[in-house]
Every structure is written in structure tokens, then in C-alpha cells.
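Visitor: Sequence and predicted structure are below.
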Amino acid sequence: MSRKRVLSGGKGTTTITKSKFGNFLLVASIAKALSQTGGTRNLDEGSIPLSEDLVLQVLRRNTLDVSKKVNFFKWCSLRPNYTHSAGAYSQIFRTVSMYCQNQHHLFPEILDLLTHMKRDGVVLDSSSLKLLLDAFIRSGKYDFALEILDHVENELEMGTTTSCFKPDLYNSVLIALVRNNQLELALSIFFKLLDASKGNGNEGGFVADAITYNELFVGLRKADMRTEFRRVFDRLREKNLFPLDSWGYNICIHAFGCWGDLATSLSLFKEMKEKSLGSSGSHNPDLCTYNSLIHVLCLVGKVKDALIVWEELKGSGHEPDAFTYRILIHGCSKSYRIDDATKIFSEMQYNGFRPDTVVYNSLLDGFLKARKLIEACQLFEKMIDDGARASCWTYNILIDGLFRNGRAKAAYVLFSDLKKKGQFVDNITYSIVILNICRDGRLEEALQLVEEMETRGFVVDLVTITSLLIVLYRQGRWDWTERLMKHIRDGNLMPTVLKWKATMEASMKKPQSKAKDFTPIFPYKGDFTDILNLISSAASSIGSNDKETSSSDADQWSSSPYMDMLADQVNPNDHSSQQFSLSRGKRVQEKGMDSFDIDMVNTYLSIFLAKGKVSLACKLFEIFTDMGVEAVSYTYNSMMSSFVKKGYFNEAWGVFQEMGEKVCPADIATYNVIIQGLGKMGRADLASAILDNLMKQGGYLDIVMYNTLINALGKAGRIDEANRLFQQMRTSGINPDVVTYNTLIEVHSKAGRLKDAYKFLKMMLDAGCPPNHVTDTTLDFLEKEIEKLRYHKASIKGPNKDNFS
């Protein structure tokens, strides 16, 4: 019996082995035939017993090219009495998805396979579809992914897809839509899925993974869709169904900070730290978190805080990277902290990081704004020696800086040399040169450059056109607009400008509505001297949640105590805490047609106010604000400046109040106007308090602000304070200009401190600062004062005593 069983068992085993060996030989012969020229034509239909197992073995053959596998799959589907199973379709889709990243010609094959699948009555399972979508998303072919989805699900009909596919499939769909810039559709699907999940109690419903909502956040941030970003953020945090991961926190901290919502950014950092204490460290703030926070602090003007956080970063176990140094150098350069920027630049090199073009450009711009021409030239030479490639932007910074520092001839020579070489010149370069030529009133030369600009194929932008319009108006040469139109390649822009001008002039001629008669255009409460209280309250509102952290509440082991303090001070419900903008307001916002109206309003305000036509400027402002055009900081600053110059201080106060009500952040130009107004009112005693509040709000002092303060203090007789401010200016790394020296010479002369006035004159000449016509007038006054003093001393002490000190 035992022998019989063994023989029986051996016979069965032999049969199975022969069957497996036969299948192996058959698969090998099919693979060989497919690999040869002719492909499926080499196969014998009658000699191949098709089965699902055989087809799967051929499809899993690693040595066979994917196109050969697809052809074999189609060949099998054409055989009579054979239909592919769902498993076979899943295998072919899995095979194709592995190679579609490099072989885009397979896309039509996939659509063909889906058609065959429908004909065979096989339903595509969710996992196979997700596999295909993910494959095309990884390869960057988002259109293909969405077309496959449309092919399968009839353009994402929500009523049918939920019954056919698993909810997690939509994570891939949303990623594809976001990366294909179809954000509106992605948001619509996203909110519908969230609503459906909420209705089902989130049981078996859609569950967004971290990658999906992070992709959505990034897409909305890039598209500057602030409202939609906030809506998604709030919805995800409802009942904490979709908690943020560390990348999600970093993205949101960066986005809200870039939009001026410092309170939310700091609150998220605080929440991140709290979560890290109760988790396995997955929410610990990382280098990216600190870089985002430093960037946000620099962006809202709190560069001093950013520098302290940077020092904390170095002691927290994280080492600064190239992005950290780039952010800090840019922030310090923009806020005139030139010495700090130079130190950070040196430390960056010492730690082995090679500065790139962006870093050099930031520091170069800072040097030129601080009137450090020698240092700027040395830095440019170092940049070339270190192998950092100078870009068009580099040369634009140089040309603009030379113009601003009174080296117009050198700037034009550099511009001409670059044109001859045919490199590093773009439309911005031309715009810079044309703008500065227009300021000098050289209209003919500016128009010639416009013609040359168009000949070289550069597009004349709105900045250039409005600069030309201003000088055309000042010189009364409107007949030259036709000449300008002939040489502007963008056929729609110039006619649009002229149409806007005609509409504006027609509106200005219409009789004004009597409904607002005897009502001020800028209502105000109090007077201009109350400005200190308003600024103080605005500054205190940022830290309205300030509280002294007791030793028991503070984390003694925290690696970021200063950041913790900043986060504790903010009000998490205040989403508009930015009171000061580091960027100076621009006449042209350069946002295309979205900002066209306000760009033109700013241009004509400049034209009217330069002529002293304040009433026309006010009417223009009222007409367009009534039409819904939102004013920007440049608009308000222009109106305030004109009122201060005319002595209408209460009206200027009204403009400033409206600026705050419209949540329009003040910039350095706003504070310049405030100091000028206080100086004219004889209230220079408030200047120091205003300055303190400016610094608390993240402000900085540029050369114009220093000159304004020195002038206000000097004319108020506060000479010692003016001198201290001058020393502070030099200590901060800003070189005085001719206006600074003229002001100091004048105020010291009028105060009878002639020796000090002469000292500043000598200092001016030693610094190589060329005098101007104002200097001549000031020196004439100084000479007369010296003569008076000599005459006075001579009459008392005798003719040999002529020492004027």
C-alpha cells in the first residue's frame, strides 16, 4: 500500500512539474517571439492556449519591453472566446504606470485599454485608477491624469464617483488639479467632499491626507488666493479632523506671514511647540520653521526681532543654512542695517557657504541705498572674482544706485557699454534710465530711448509710459502722445491709457454732487498733534495680549525663549496686525489690469500735486474711490504730503486716520510726512516719541528720514539732538548726502554755532560729497554770519582779533 501511494504521489508530482515546466517554456517562447522583429505577428494563434495565468506571467516578464506587453495584451483581447479578467487589466495598468514617466507615447494606449475594458464589461477598480493617476502626477503630466479621470468618470460627476471609487482616490485627483493650476475646480471638489464627510460623521467618507492639503495650500499661496487659503485653513481645523503636520505648519506660517498676518503665524508656531511636547517629536519646529519665521519678521519690518531669533536658532541645535543667511542679508539691507548685513555676509562665508547672485544683489542694493559707493564697487568686484554670475538685475541695481547717488554720467556710461555688448540689458534697465532722464526734463532724449527700446524688442511697460506722461504734462507737450503711440509695441496699453485719461477728464468736468457739500473729504477727529496717541494705540494693539511671563509659566528648558515670548504677546484673533510695511509704496503697482486704475490715479495725483492743484487732486481721489478703486499707501502719502506743504494739518490728519481705517500699512514715506508736519507746526518735541513708536512697529530710518528729523530738530533749536541723530546715522552705516550737510550747516549757522557749521562743511568736502546750489546759498549765509561775528569781535577786542570760533 505504501509503495502504491508513493508511486501514485510521484506520478502526480511529475505531472504538475511537467505542466509548470511546459508553461515556463511557453511563456519564454512567447517572450522571445515578441522581442523579435514583427512582435505579435510571430505568434501562432492555434498553438497558444490562452488563459489568465499565462497572460499574467507574460505581463510580469521583466525582460520584456512595456510596449511589447501592451501589444500582446491587445493581441489576446482580439482572440475569439477569450476575455481579459479584472486581474489582467490591473496588471497591465500596473505595468504601464511604472514606465509612463519616461514613455509618454503610452498615454493613447492607456485610453485604448480603458475602451477595451469597457467593452469587455470589466469595471476599473479604485486602486488601479489611483495607480495610473499617481504615475502621471509624478511625471508632471497632470493633463493626462485628468483626461483619464474624465474618460472613466464623465468629468468628475460627484453623484456617480462616490459609488464607484474609494474616497482616498480624490487625494490624487485634487493634487492633479492643483498642479495643473485648476484651483477653482479643486476647491469646489474639496469642499463638496468635506461636506459629504461631515454629513456622514466622517465614517467611510473622504479623508484628506497631509500631502493633499499641503499641495492645496501651496497652490493657493502661489496664486495669492488669500481668502480661499483662509477658508481651507479654517475648514480643515474644524473639530480637528485634519490635523496639520510639520510641513503644513511651515507652509501656513510662511503664507500668513507673507500676507502680513503675523499674529496667526506666531500662534501657529506656539501651537506647533505645544504639540511637539506631547508627541514623538513629529511637530518639532525645524530649520524650515525658523527660516519661515525669520522671513516673516523681516517682511513686516521686525528685523531686530529676526536677528534675535537667528541667534536663538544657532543655540537650538539647528545650524543656519544658505536660505537663512539670504533672508537676513536681504532684510537688513532693505531696512538700512548695513553693518548687520555686512557682518552676516562675512559669517556666511566663514561658515563655508558661497553667496549666490541673490545675496550679492541684496547687499549691493543696501550699500547703494546707504550711499556707500566705494563699498558697493568693491563688493561688485568681489562678486565677479568669486565667480558669482552677475545678472540683468545686478546691473539694474548698479545703474539705479549710481543715478540715486548723483553719478548720472557714470550710470549712463555703464548703460551705453552694456548696450554695445548686447547683454545684461532688459526693459527694466531702459525704464530706470528713462525715468531718471524724465526727472531731468530731457523729454526728447527719453522718447528716443523709447524708440530704441521698441526696436530692440523690449515691451514698454506702464511705469515707463506714466513717467513719460508726467514729463509731457509738465512741459505741456500733449501733441507728442501720437509719437509715443507709434513706438509702443503693446497696442492695447497706450490706447487704454489715453481712453482712461479721456474718461477721467470727462468725469472731472461733470458737476460735483451736492449731497456731500460742506462735508470734508477726509473727516478727522482731534488734530494733527493727536497723531502720537493714534500711533501709540496702534503699536500697543499689536501686543494687546502682552503679559509678563512668570518664572513658573515660562519653559526654562525652551530652545527658543524669545520666539515663545513673541508668540505669547500676540492676539490670535487679530488677523491684520501689520501696521508698518518695510517696502516703500510705489506709484505703479505692476499688477497688470488689476491695479491699472489706481496706477493711473497715482500718476495724475503726482501731476496735479506737482502743479499745486490740490483741489483737482482731491476731486480725482473722490471720484475714483466712489467708483470702488482702493487707494494704496502711495496714494495716501501723496495726499498727506500735499496737505502738509500747504499747511492743512487737520486734513492731513484725516488722511492718516482713513489710512488706518482702510487697514493700509504705513511705510517710511508716511512717517517722513508726519515728521515734516510736526516740524512745520513747531512740535519737533514729538519727533523723538514718533521715532520710538516707528521703531516699535518694525520701522527703520533711511537717509530721507534722517534728513527730515535733523531738519525738524535743528529748526526747533534742538541742535544737540540733531547732532546725536547725525552720529547715529553714521554709526548705522548710512553715509550722509548733500542734503544732510546743507541742513546741518544751515541750522548751526542760524543758531550762531559757526565753528560747528564750518566743521560740517569741512566734513562734507573731506567725504567727497559734491555741493549744490543750496550749499552755495547756505555758505553765503554762513559767510555773512562769520563777517558779522568778526566785526563784532573786532569792535570789542580790536582789529587783530578775527577768530570767529
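Guide: On my side now, so go ahead. The model shown is predicted, which means the values in this text are computed figures rather than measured ones. Numbers count the residues shown, from 1 in each chain.
Visitor: remind me which residues of the stretch 51-200 of the chain are low pLDDT?
Guide: For the stretch 51-200 of the chain, the stretches flagged by pLDDT under 70 are 99-107, 137-143, 145-146, 148-168, 196-200.
Visitor: can you give me the helices for it?
Guide: Taking DSSP state H, counting those that start in this stretch as the test, the helices found in the stretch 51-200 of the chain are 52-59, 66-77, 86-99, 106-119, 126-138, 142-153, 158-164, 169-179, 183-199.
Visitor: Report the contact partners of Leu131.
Guide: Residues in contact with Leu131 (CB atoms under 8 Å, 6 or more residues apart in numbering) are 93-94, 97. Placement of C-beta: from N, CA and C, glycine included.
Visitor: Check these against Glu451 and report the nearest one.
Guide: Ser97 (56.2 Å; CB to CB).
Visitor: Quickly note the distance from the residue nearest to that closest one when sequence neighbours are not counted to Ser560.
Guide: Counting by CB to CB, 6 or more residues apart in numbering, Ser97 lies nearest to Ala135, which is 3.7 Å off, once chain neighbours are set aside. Distance of Ala135 to Ser560, computed by CB to CB, to the nearest Å: 42 Å.
Visitor: got it, and Asn693?
Guide: For Asn693, the distance to Ser560 (CB to CB) stands at 27 Å.
Visitor: separation between the most centrally placed residue in the chain and Gln423?
Guide: Centroid-nearest residue in the chain: Cys258, 6.9 Å away (criterion: CA atoms, centre = their mean). The spacing between Cys258 and Gln423, counted by CB to CB, is 33 Å.
Visitor: Under the pLDDT cut-off, which ranges of the stretch 651-800 of the chain? List them.
Guide: 663, 698, 796-800.
Visitor: shouldn't Asp599 be in contact with Thr466?
Guide: Yes: assessed by CB atoms under 8 Å, Asp599 is found in contact with Thr466 at 6.9 Å.
Visitor: more crowded one of those two?
Guide: Ranked by neighbour count (other CB atoms under 10 Å), Asp599 and Thr466 place Asp599 first, with 25 against 21.
Visitor: and the more buried one, what helix or strand is that in?
Guide: helix 596-610 (DSSP states H and E).
Visitor: Buried ones in the helix or strand following that helix, by neighbour count?
Guide: The helix or strand immediately downstream of helix 596-610 is helix 614-626, counting by DSSP H and E. Neighbour counts over helix 614-626 (16 or more other CB atoms under 10 Å) mark 614, 616-621, 623-625 as buried.
Visitor: contact partners of helix 614-626?
Guide: If you take CB under 8 Å, 6+ apart as the criterion, helix 614-626 is touched by 504, 507-508, 512, 521, 597-598, 601, 604-605, 608-609, 631, 635, 638-639, 642-643, 646, 648.
Visitor: Which of the three states applies to Leu368?
Guide: helix (DSSP: H, G, I helix; E, B strand; the rest coil).
Visitor: How many residues are close by it?
Guide: The number of residues packed near Leu368 is 23, by other CB under 10 Å.
Visitor: so what's it up against?
Guide: Counting by CB under 8 Å, 6+ apart, Leu368 has contacts 376, 397-398, 400-402, 404-405.
Visitor: Of those residues, which is the nearest to Leu64?
Guide: Set against Leu64, the nearest of the contacts of Leu368 by CB to CB is Ile397 (58.3 Å).
Visitor: How many residues are close by that closest one?
Guide: By other CB under 10 Å, the residues close to Ile397 number 24.
Visitor: Could you measure from it over to Ser362?
Guide: Relative to Ser362, Ile397 is positioned 9 Å away (CB to CB).
Visitor: Then Leu177?
Guide: As for Leu177, its distance to Ser362 is 36 Å (criterion: CB to CB).
Visitor: Next: Phe229.
Guide: Taking CB to CB, one finds Phe229 at 28 Å from Ser362.
Visitor: Please apply the same query to Leu193.
Guide: 43 Å.
Visitor: same check, this time on Gly441
Guide: Taken as CB to CB, the span from Gly441 to Ser362 is 33 Å.
Visitor: Do I have it right that Ser595 meets Gln589?
Guide: Yes: taking contacts as CB under 8 Å, Ser595 lies within contact range of Gln589: 3.8 Å.
Visitor: residues contacting Asn772?
Guide: Neighbours of Asn772 in contact, by CB under 8 Å, 6+ apart: 738, 742.
Visitor: which phi and psi does Ser583 have?
Guide: Backbone torsions of Ser583, given as degrees, to the nearest 10, read phi -90, psi 130.
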